[in-house]
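**Student:** build the 3D model from these lines:
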Amino acid sequence: MVMEREEALEAATRLVDEVIQEAEAEAARRRKESAAQSSGKKSLNEDDLSEGGISAIIKRGTRLQTRARGFVTRILTQLRICK
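**Tutor:** You can find the predicted model right below:
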């Protein structure tokens with residue numbers, strides 16, 4: 001029983017790592033696309049420092065963390081590792 005839980009935990013960890021890597025790759029691709037579309041606008045660093053830029057970045061990051069946490073919780077619940 002303990003081995004099954006350890007194996008399930010390892011499988012869940014690998015799955016989460018793969019999902020995170022895919023999400024990072026997708027985010028990088030989208031950033032490149034949006035940067036190419038807005039090539040006539042300010043640079044990314046100037047946008048980050050503009051009014052509301054930093055708060056928008058923090059809000060976006062918090063939203064992403066919440067979604068990731070919910071996703072991992074659903075996976076672990078299905079695997080019966082945590083309740």
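**Student:** hey, where'd the helices end up in the chain?
**Tutor:** Counting by DSSP state H, the chain has helices at residues 2-37, 44-49, 53-78.
**Student:** shaky segments in the chain?
**Tutor:** For the chain, residues meeting the criterion pLDDT under 70 lie at 1, 40-54, 57-58, 81-83.
**Student:** would you quantify the distance from E33 to F71?
**Tutor:** 24 Å (Cβ to Cβ, to the nearest Å). Yep, even glycine has a C-beta here, placed from its N, CA and C like the rest.
**Student:** and S38, by the same measure?
**Tutor:** 30 Å.
**Student:** so for these two, which sits in the more crowded spot?
**Tutor:** Ranked by neighbour count (other Cβ atoms under 10 Å), S38 and F71 place F71 first, with 15 against 12.
**Student:** can you tell me the closest non-neighbouring residue to that one?
**Tutor:** Distances taken as Cβ to Cβ, 6 or more residues apart in numbering place V19 nearest to F71, at 7.1 Å, with adjacent residues excluded.
**Student:** got the phi/psi numbers for S38?
**Tutor:** Note on S38: backbone dihedrals following degrees, to the nearest 10 are phi -110, psi 40.
**Student:** stretch 62-81: which residues count as buried?
**Tutor:** The neighbour-count criterion (16 or more other Cβ atoms under 10 Å) identifies 72, 75-76, 79 as the buried residues of stretch 62-81.
**Student:** quick one: contacts of that stretch?
**Tutor:** Here stretch 62-81 makes contact (Cβ atoms under 8 Å, 6 or more residues apart in numbering) with 5, 8-9, 11-12, 15-16, 19-20, 23, 82-83.
**Student:** in ChimeraX, select just the buried ones from those residues.
**Tutor:** Only the buried members of the contacts of stretch 62-81 enter the following ChimeraX selection, criterion being 16+ other Cβ under 10 Å:
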select :12
